[in-house]
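1. A structural model of the following input is requested.
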Amino acid sequence: MAKNKVVNKTRRANGEGSICQRKDGRWIGVVSVGYDENGKAIRKTVYGKSQTEVAKKIADMTGRLNNNTYEIMEKKNCGELMLDWLMVFKKSSVSSRTFEGNIRNFKLHILPIIGNMKVYDIDTMTIQKLINNMVDGGYASDTIKKNKHILGQFFDYAIDNKWISVNPVSKIKLKSQDRNNKKEKYKALTPEIRKKFLEALNKDEANFIKPLCIVLMFSGLRIGEALALKWSNVDFENKRLKIEQAVTQDVKYNDKGDILKRITVIGETKTTCSVRDIPIVDIVVEVLKEYKDKQKKKQKAENLDAELTAPNSFVFANNDGSVRTYSGCRVIFNRFLKRNKLMEYDIHFHGLRHTFSNMLFEMNENPKVIQQLLGHRDVKTTITVYNSVDNEYIRQTTDKLNERIKENNIVNESNSTEQDDSPATQFTDDELDALFEKLMKEREERKRKREKDLEM
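-> Just a heads-up that it's a prediction; the model follows:
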């Protein structure tokens with residue numbers, strides 16, 4: 001007797017195929033999917049661990065046949081279909097920068113794992129293994145979530161086209177600690193590094209790096225927002241900056257999603273909330289005034305054709321008046337860091353924006369105020385992403401607590417059992433409760449007042 005001899009058969013309705021169980025316990029189903037040029041029936045075989053699983057696969061296949069999608073599904077694998085979806089639908093619905101991230105994640109993390117599979121063969125187990133591999137590989141939480149999100153969107157599209165009936169991503173679980181307990185990199189500059197960085201800026205004024213970095217570090221602008229600033233956006237009299245646009249890149253792709261070229265353009269800000277009119281501190285005002293005077297002298301001395309200080313001119317323009325690119329600025333910035341022996345601190349333009357946020361948090365500023373200054377859509381981003389602390393910041397906090405304990409004699413250092421003469425022991429329990437309740441009410445009143453001020 002053959003090893004895989006069929007031992008059980010289940011007859012189905014005409015055109016719906018048949019299901020059999022082999023001797024090894026596996027179930028198989030056979031469906032007629034059409035006829036060849038000689039009129040001979042073309043049959044497709046599916047496999048499963050149970051009769052129910054095979055019946056579902058046959059039903060899905062029959063549905064695809066009835067909806068004329070079978071030929072598409074058989075000719076193209078998951079990678080090809082997902083690339084089509086990305087290039088036709090996803091590309092037109094997101095920004096150029098976001099789409100570049102989508103394509104990158106697809107090619108790096110999705111295509112190598114499930115690209116050669118058929119869409120209907122991909123189940124929750126397959127996707128869960130893909131996600132687990134990324135977790136085990138130490139990828140950042142944000143990268144893993146973005147891959148899960150884009151997979152979910154694609155399989156929703158597959159359901160709409162009746163390629164599959166269930167989204168395999170819907171029940172995927174992510175570990176709460178998916179960074180393998182790796183310490184998150186401290187993005188903001190510590191007080192010690194801030195001092196060194198500012199000293200270097202003050203003694204190295206060979207180019208536009210000083211005013212650009214001061215604007216980023218003490219106004220909280222994104223680098224793209226700073227490069228798109230025009231002199232008309234700077235209100236010296238009222239000490240304000242108006243952020244309306246940002247420098248970004250328009251990326252051109254071929255049909256396979258490969259990048260052909262990048263073009264620096266002036267576009268919209270990252271979100272609608274990023275359009276803002278914010279007050280600026282004196283150091284930003286003074287540095288920009290000095291830089292404007294320097295640009296006037298430079299234009300006259302070098303007899304430049306471009307108007308470098310006209311209202312419609314870019315603040316940090318090239319000598320020909322054109323907008324600077326991020327990559328060009330980054331090259332010049334790295335040279336500055338190298339000249340001043342600051343490369344070891346891994347300083348980036350965006351880290352200066354984080355530094356601005358951190359300085360405000362160190363001052364116990366209201367997160368809603370910081371949110372508006374940074375142009376965030378959600379205050380959660382301000383609190384969770386832009387509020388990083390280092391060991392020195394924590395040390396300062398515990399030192400303050402230590403001083404408070406000593407001032408109020410909360411702990412009897414002599415461990416004596418004698419009556420404590422500290423102010424707290426002069427109150428009864430009821431009086432202490434009343435005092436605590438009064439302090440809490442005052443705290444709530446101050447909180448409501450700050451919220452009301454923000455709404456005005």
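2. and the residue nearest the centre of the chain, what element?
-> For the chain, the residue nearest the mean C-alpha position is Asp142 (6.1 Å; C-alpha atoms, centre = their mean). Element membership for Asp142, per DSSP states H and E: helix 141-160.
3. what's the nearest residue to Phe208 if we skip its chain neighbours?
-> Of all residues not flanking Phe208 in the chain, Phe316 sits nearest, at 5.2 Å (C-beta to C-beta, 6 or more residues apart in numbering). C-beta coordinates here come from the backbone N, C-alpha and C atoms, glycine included.
4. no wait, Val251
-> Once flanking residues are discounted, Val251 sits nearest to Ser96: 5.0 Å by C-beta to C-beta, 6+ apart.
5. Pull the number of nearby residues for the one you found.
-> 17 (other C-beta atoms under 10 Å).
6. ok, now Asp136?
-> By other C-beta under 10 Å, 10 other residues sit near Asp136.
7. mind listing what Tyr253 touches?
-> Met87, Lys91, Ile103, Ile259, Leu260 (C-beta atoms under 8 Å, 6 or more residues apart in numbering).
8. Would you map the strands across the chain?
-> For the chain, applying DSSP state E gives strands covering 6-11, 18-22, 27-35, 41-48, 234-235, 240-243, 246-253, 259-267, 276-279.
9. Give me the distance from stretch 299-309 to the chain's centre.
-> How far stretch 299-309 lies from its chain's middle: 40 Å, per C-alpha atoms, centre = their mean, to the nearest Å.
10. where are the low-confidence patches of the stretch 301-450 of the chain?
-> 388-402, 404-405, 408-436, 439-440, 443, 446-450 (pLDDT under 70).
11. where are the low-confidence patches of the stretch 101-250 of the chain?
-> For the stretch 101-250 of the chain (pLDDT under 70), the answer is 175-186.
12. where along it do the helices fall?
-> Assigned by DSSP state H, counting those that start in this stretch, the helices in the stretch 101-250 of the chain fall at 111-114, 124-136, 141-160, 191-203, 209-219, 223-227.
13. any chance of those in JSON lines, with distance to Asn340 too?
-> What follows is the helices of the stretch 101-250 of the chain, written out as JSON lines (distance: least, C-beta to C-beta, whole Å):
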{"stretch": "helix 111-114", "distance to Asn340": "42"}
{"stretch": "helix 124-136", "distance to Asn340": "38"}
{"stretch": "helix 141-160", "distance to Asn340": "32"}
{"stretch": "helix 191-203", "distance to Asn340": "4"}
{"stretch": "helix 209-219", "distance to Asn340": "10"}
{"stretch": "helix 223-227", "distance to Asn340": "19"}
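14. for the ones you listed, which one sits closest to Arg353?
-> helix 209-219 (5.9 Å; C-beta to C-beta).
15. Just list whatever residues bridge to Ile243.
-> Note on Ile243: beta-bridge partners by DSSP bridges are Arg276.
16. tally of neighbours for Thr62?
-> Neighbour tally, Thr62, other C-beta under 10 Å: 19.
17. same deal with Arg97?
-> By other C-beta under 10 Å, the residues close to Arg97 number 14.
18. Quick check: it touching Gln249?
-> Yes. Under the criterion of C-beta atoms under 8 Å, Arg97 makes contact with Gln249 at 6.7 Å.
19. What's the separation between Ala140 and Asn105?
-> Look at Ala140 and Asn105: by C-beta to C-beta, to the nearest Å, they are 12 Å apart.
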